[in-house]
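Engineer: generate a structure from the sequence data that follows.
(2 chains)
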Amino acid sequence: SQQGEEDPQALSIQEGENATMNCSYKTSINNLQWYRQNSGRGLVHLILIRSNEREKHSGRLRVTLDTSKKSSSLLITASRAADTASYFCATDVMNTGFQKLVFGTGTRLLVSP
Amino acid sequence: EAQVTQNPRYLITVTGKKLTVTCSQNMNHEYMSWYRQDPGLGLRQIYYSMNVEVTDKGDVPEGYKVSRKEKRNFPLILESPSPNQTSLYFCASSWDPDYEQYFGPGTRLTVT
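Structural biologist: Here you go, the predicted structure:
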């Protein structure tokens, strides 16, 4: 079953607006990662936030993590048409003694010029 | 250049004909994994490997096999492909799940 669930499933905005995506997860984590995928291509890592961090920035990206609510959000400020992509959160999960990474179902972002 | 390569990129095959999708990384990563991506279902992990000769099932392992005889290679084997394995497949590698994953370009498989 999916560990992470993104919300909304799809988001459509105009260039220059901010885009916010949310991720909820079920079990305790060591870290949470966000990835971007352009249509049909491999995923690209955006940012990693550890469980003892509450907020992290990278350029126009801002990620927050609330471990008490088991949720994270990704904010893209001043969006551009090139930000059009699907965005996924991923969390680490313990499985039979090994740690593995589990992805959510993603948010499709469309940024119109 | 640091990269993960997959071959083939596109494959159309028939039910029951064994096939292998290769995955290779040049970053000396220990952790490698295979995912399939289907519309509305996101990425689902098929198998992962923590190191040479160490593999474990992901969420959807049925119908797939893997091996990790060398650190750089992690092939995905479909012994008897079926139409429900038509999907977009990604290989990924990293130092471990706590680190950034590097993804291959994907293999689009169609089983008729």
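
Engineer: please see if the helix or strand harbouring A:Met21 touches chain B.
Structural biologist: Per DSSP states H and E: A:Met21 is located in strand A:19-25. No: Strand A:19-25 does not reach chain B (C-beta under 8 Å from any C-beta of the partner chain); its nearest approach is 11.5 Å. Using the backbone N, CA and C atoms, a C-beta is placed for each residue, glycine as well.

Engineer: for that strand, which strands pair with it and how are they oriented?
Structural biologist: According to DSSP bridges, strand A:19-25 forms sheet pairs with strand A:4-7 (antiparallel), strand A:71-76 (antiparallel).

Engineer: what residue lies at the spatial centre of chain B?
Structural biologist: Computing the C-alpha centroid of chain B and ranking residues by C-alpha atoms, centre = their mean puts B:Trp34 first, at 3.1 Å.

Engineer: which helix or which strand is home to that one?
Structural biologist: In this assignment (DSSP H and E), B:Trp34 forms part of strand B:31-38.

Engineer: got the buried residues for that strand?
Structural biologist: B:Tyr31, B:Met32, B:Ser33, B:Trp34, B:Tyr35, B:Arg36, B:Gln37 (16 or more other C-beta atoms under 10 Å in any protein chain shown).

Engineer: just how off-centre is it within its chain?
Structural biologist: Remark: strand B:31-38 is offset 5 Å from the chain centroid, using C-alpha atoms, centre = their mean, to the nearest Å.

Engineer: hmm, who's touching it?
Structural biologist: Contact partners of strand B:31-38, identified using C-beta atoms under 8 Å, 6 or more residues apart in numbering or on different chains, comprise A:100-101, A:103, B:23, B:25, B:43-51, B:58, B:60, B:64, B:66, B:68, B:74, B:76, B:85, B:87-97, B:99, B:101, B:106.

Engineer: same thing but at 7 Å, please
Structural biologist: Identification of contacts with strand B:31-38 by C-beta atoms under 7 Å, 6 or more residues apart in numbering or on different chains yields B:23, B:25, B:43-50, B:60, B:66, B:74, B:76, B:87-97.

Engineer: so which of the residues you listed belong to strands?
Structural biologist: Judged by DSSP state E, strands contain the following of these: B:23, B:25, B:43-50, B:66, B:76, B:87-94.

Engineer: what subset of those is buried?
Structural biologist: Listed as buried from the ones in strands among the contacts of strand B:31-38 are B:23, B:25, B:43-50, B:66, B:76, B:87-94; burial here means 16+ other C-beta under 10 Å.

Engineer: residues contacting A:Ala78?
Structural biologist: By C-beta under 7 Å, 6+ apart, the neighbours of A:Ala78 are A:Gly16, A:Arg60.
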